[in-house]
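> Sequence first, then the predicted structure, then my questions.
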Amino acid sequence: MEIPHTVTARPDTGLYNAKLAIWLFLASEVMLFGGLFSAYVFLRMGSDDGYWPHGLLNVPIGTLNTVILITSSICVVLAWAALKMRKWGMYKVWLGVAIGLGAIFLAIKLGYEYPNKFDHFGAFIKKEKWAEYDQYLGNEYLAKKGLDPRPEISGHLHEVEINVADADKAQLDLLIKKRDLEISKTEDDGKVLTIKVHSPRDADALAKVPGAVTNPDETDPAKQTRKENGVKMVAFELALDAVNADPKNPKFDKPSFWFRGHTETIAVIHADDVESGGWGAFVPKHSPFLAIYYAITALHGLHILGGLVCFVYFFFFSEALYRRNPEHMANRIEVVGLYWHFVDLVWIFVFPVFYLL
Amino acid sequence: MSSTHAADHAPDHGHGHDDHHELGFWQKYVFSTDHKIIGIQYGITGLAFLFLGFCLMMLMRWQLANPGLPVPFFGPLLQSIFTPFGSSVFSNDANGHPGMLTPDGYNTLGAMHGTIMVFFGVVPVAVAAFGNYVMPLQIGAPDMAFPKLNMASYWCFFVSCVVMMSSFFVHGGAAKSGWTSYPPLSVISDSGPGIDPFFNGQTIWLLGMVFNITGSLLGSINTIATIIQLRAPGLTWMRLPFFVWTQLVTGFLLLLAFPPLEAAGFMQLMDRAFGTSFFIPTGLLLNGHLTHWSGGGSPLLWQHLFWFLAHPEVYVLILPAIGMVAEIIANNTRKPLYGYKAMVGGIFVLGFLSFVVWAHHMYMTGMGAKVSGFFQTTTVMISIPSVILVTALLLSLWGGSIRFTVPMMFATAFLPMFGIGGLTGIPLAFNSTDLYLHDTYYVIGHFHYVVAPGTIFAIFAGVYYWYPKASGRMMNEGLGRLHFWLSLIFINGIFFPMFLQGIAGVHRRWYDGGATYEQIIAPVLHWNQFMSVSAFLLGAAQLIFIFNFFSSMLIGRKVKNDNPWDATTLEWDTPTPPGHGNFIKEIIVYRGPYEYSVPGADKDFTPQSEAPKSDKAAHAPTPALAH
């Protein structure tokens, strides 16, 4: 049994099977990313003024990644053209370059952009406390100019002050040891601790330490009862981002192309002034913007990874097919190339939507 | 290969294919790339899930008819199975007797009944099983365009089945937020002390759905590519059997409607596993406390993404059913379908419009009068192609010399049943009347009439009709008739009283069947017993089908030739059962799909592959298309 039209086109449709199938697949991918982008639109339209961040992402890095992906797409076209011209050596070169560029894209995303976010700290200030923090938020100034307010203070987290009166001491000590944290100050008979943290994730972990066990004689962990509150956050000390260090500077009225890191200006935020669930690292749960940012870029990254797996396979295991049926091999690169261009195209939407708008 | 079977029936065929070697048992029957084996795998898995979903519903119906009374035998049995896993679907009743369905358990069964019936029962049978088995045969193809991909879609589906079933055995039990999984409830449920943050009912439900959707996407790509690329020479578009058309449109619906739900599934997974707030609004309170979510999300977003899939899904359920009914009606009335072209046009309009009606499920959300008005208009518009289809099928009966075979009985019963389902949908299309009817049993009655005595009757018709091709034996006629009449009576016994209850205002999610509100709904409350008894008897009637299905494989009457129903379409040109590669003669199509009772012909059917007698009338196929 042989399936017709696997390599040569069917005359009345002008397509071979796989080419039709990849277009259908891409149609479904359009709907998949379309669903996610429609979620972006929904969330952005539903967000309060000022709560949708602008200029949060690193535009030069995003631009670099855009150039890298477009270049890799060109390389895939050249690899396909080389196969069509039956130039095996050129095919290997161009495909190799495309693989390298795809890998660099992923490395930048996973090795630089994501970790930077994970180490960045932000806290949304309750609306009624905005006035107290106006030196960092600049909302009076922004209101005068008719600009959206700035609800969040962000920067590099140095220290947290925590109240451990009700917390499970053993678990707390274990955590401090495991994460190699340093207690810089102890107040109020050891009930209030100031702890130096390496990243906001340490603060997150500290906040999750449960309440002390109220029936320590009970050996079965399932039957133990605990105090309702564990570690209670008291305050955060952070080195402010440039925007929060000088919020009334007109140059911060609009996001700029160049990325602005954090400054040496130190600020202290009281945990009671922060919205419920509104502080932490720039991880997906921090805000709807970051949630949809990570959802779309992670799914896009998975697509890049999938494309790279195909490329690497074709790089190493395609010679036999090429010798037997070079046209079939060229078709395979054409099909995976169409997929790669689509993934590229998704990024062409991701970049302006998340980095620039 | 099965060419040995073929030789039994048609010794002159011999071995038509020499390019394949004998496959071992596992490759031939389990990890098979043959579309027919995969079709049968889908069919058996799907039918088993249909029965399982029905059993869940019978447990619920017991509770509705006898609130708080332990389910006899099965209740204590299931309680003793589930309790060690930390799932509380059943518990002791007020008197300490085991086997009472708990409120949580009722929600679990409701959610899983819907999920199983739609995604694991009807779609796998109506779309994947018949689409895989029958469609390539009807277009004269040797297999699907991508046999390995086909196998991958079945095993994706199989993994999703295993994942979904495993959720019954995790701590806290299976998903309980409805088959629609509306947040914020679905994000909050199945979490908390003692519940695993990942291996819990709702999260597993989402994972199972992701696998199910992936399998379904692969399958739909394969179906569309096969229909477009592998039609036999001479099989032009307007010569396609109507069933193939319905598969094509269904394929597009699955292809384009499922991905947004997959996206939504990812987002809900992130809400549950990573604490994001896609669907969690700001300031959500739980037991009086602020939740830990940052907020800023929108529960309505889920409803939009969900119904963007789930409305086209309704047409995914019904289109292949209409296709099968059309095939069977043409064959058994011995005349061509009435208005074949109008029907083809109709399903395309239906398919297109099905993408723009989704928010008629959301009139209750207060999304605004303008939006409701838009969706009300499109919803009323979609009834036009639906009515064209039903009318054409009804008119196809007119003047036919009808053979009331078992498949034909199911197919004819489909028409009024689907008609009731469709017509009762009209009050739901108008948002003013929908506001009253929306959360009542009226809605349950409406869509069950479409899907149960509608689609599932068509599935039965299809099983009885194509069974001889797949097995080489006929199903027992007498048992088939008995199965038909009992099913027809009892299924109406379940669903018709739902309209009466719904119009009287019986809410569709009451755990006690409305006993608490007896003063208000007393005139219709007694129907609960009637409906439940009907359900149990309907379940019993299906045992006849199950017995008939398996016993006929061994003792059924052998088919007299490869074309026992004297049909015209290409699937009857294969040996019985078809071997790997399907056809053992070259297939060239010369005519349309339903040339029954052609005046002047020497018999009352002319197969599509039969060459015309005079060479003048022949539409010679393009030579380049011969493969």
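That came in fine, so what should we check first? Numbering: from 1, shown residues only, chains lettered A, B, ... in the order given.
> what lines up beside the longest strand along chain A in the sheet?
The residue-count maximum for a strand in chain A (DSSP state E) belongs to strand A:152-163. According to DSSP bridges, strand A:152-163 forms sheet pairs with strand A:121-125 (antiparallel), strand A:192-196 (antiparallel), strand A:232-241 (antiparallel).
> which of those is buried the deepest?
Sort those by mean neighbour count, taking mean count of other CB atoms under 10 Å in any protein chain shown, and strand A:121-125 sits at the top with a mean of 25. From N, CA and C alone the C-beta is placed, and that goes for glycine too.
> Check the offset of the helix or strand hosting A:Leu83 from the chain's centre.
In the assignment (DSSP states H and E), A:Leu83 maps to helix A:59-84. Taking CA atoms, centre = their mean, to the nearest Å, one finds helix A:59-84 lying 22 Å from the centre of the chain it belongs to.
> what comes up buried for it?
Applying a neighbour-count criterion of 16 or more other CB atoms under 10 Å in any protein chain shown, one finds A:59, A:61-62, A:65-66, A:68-70, A:72-83 buried in helix A:59-84.
> Output the longest strand of chain A in PDB with nothing but the alpha carbons.
These are the backbone C-alpha positions of strand A:152-163, laid out as PDB (Å, rounded to 0.1, in the frame of the first residue of the first chain):
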ATOM      1  CA  GLU A 152       3.600  50.000  41.900                       C
ATOM      2  CA  ILE A 153       7.000  50.500  43.500                       C
ATOM      3  CA  SER A 154       9.700  48.100  42.100                       C
ATOM      4  CA  GLY A 155      13.300  47.500  42.400                       C
ATOM      5  CA  HIS A 156      15.900  45.100  43.900                       C
ATOM      6  CA  LEU A 157      14.800  43.600  47.200                       C
ATOM      7  CA  HIS A 158      17.500  43.700  49.900                       C
ATOM      8  CA  GLU A 159      15.900  42.900  53.100                       C
ATOM      9  CA  VAL A 160      12.500  41.900  54.600                       C
ATOM     10  CA  GLU A 161      11.200  42.500  58.100                       C
ATOM     11  CA  ILE A 162       9.000  39.700  59.300                       C
ATOM     12  CA  ASN A 163       7.000  39.000  62.400                       C
END
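> quick one: average pLDDT of it?
Here strand A:152-163 scores 94 as its mean pLDDT.
> going on from it, what's the next piece of helix or strand?
Using DSSP H and E, the next helix or strand after strand A:152-163 towards the C-terminus is helix A:169-178.
> Contacts for that next one, please.
For helix A:169-178, the external contacting residues (CB atoms under 8 Å, 6 or more residues apart in numbering or on different chains) are A:Val164, A:Leu181, A:Ile183, A:Ile195, A:Ala205, A:Leu206, A:Val209, A:Pro210, A:Ala212, A:Val231.
> Which SSE is immediately downstream of the helix holding A:Leu83?
Using DSSP H and E, the next helix or strand after helix A:59-84 towards the C-terminus is helix A:88-108.
> Show me which parts of whatever helix or strand comes next after that next one are buried, residue by residue.
Following helix A:88-108 in sequence order, the next helix or strand is helix A:114-118 (DSSP H and E). Counting neighbours by 16+ other CB under 10 Å, one finds that the buried residues in helix A:114-118 are A:Tyr114, A:Lys117.
> Let me see the mean pLDDT of helix A:114-118.
94.
> what do you get for stretch B:463-475?
Mean pLDDT, computed over stretch B:463-475, is 96.
> rewinding a little: who does the helix holding A:Leu83 touch, helix- and strand-wise?
Secondary-structure packing of helix A:59-84 (3 or more CB pairs under 8 Å, 6 or more residues apart in numbering or on different chains; DSSP states H and E): helix A:88-108, helix A:326-350.
> Go through these and pick out the most buried.
helix A:326-350 (a mean of 20).
> Show me what that helix is packed against.
Helices and strands touching helix A:326-350, by 3+ CB pairs under 8 Å, 6+ apart, are helix A:17-46, helix A:59-84, helix A:88-108, helix A:288-316, helix A:319-324.
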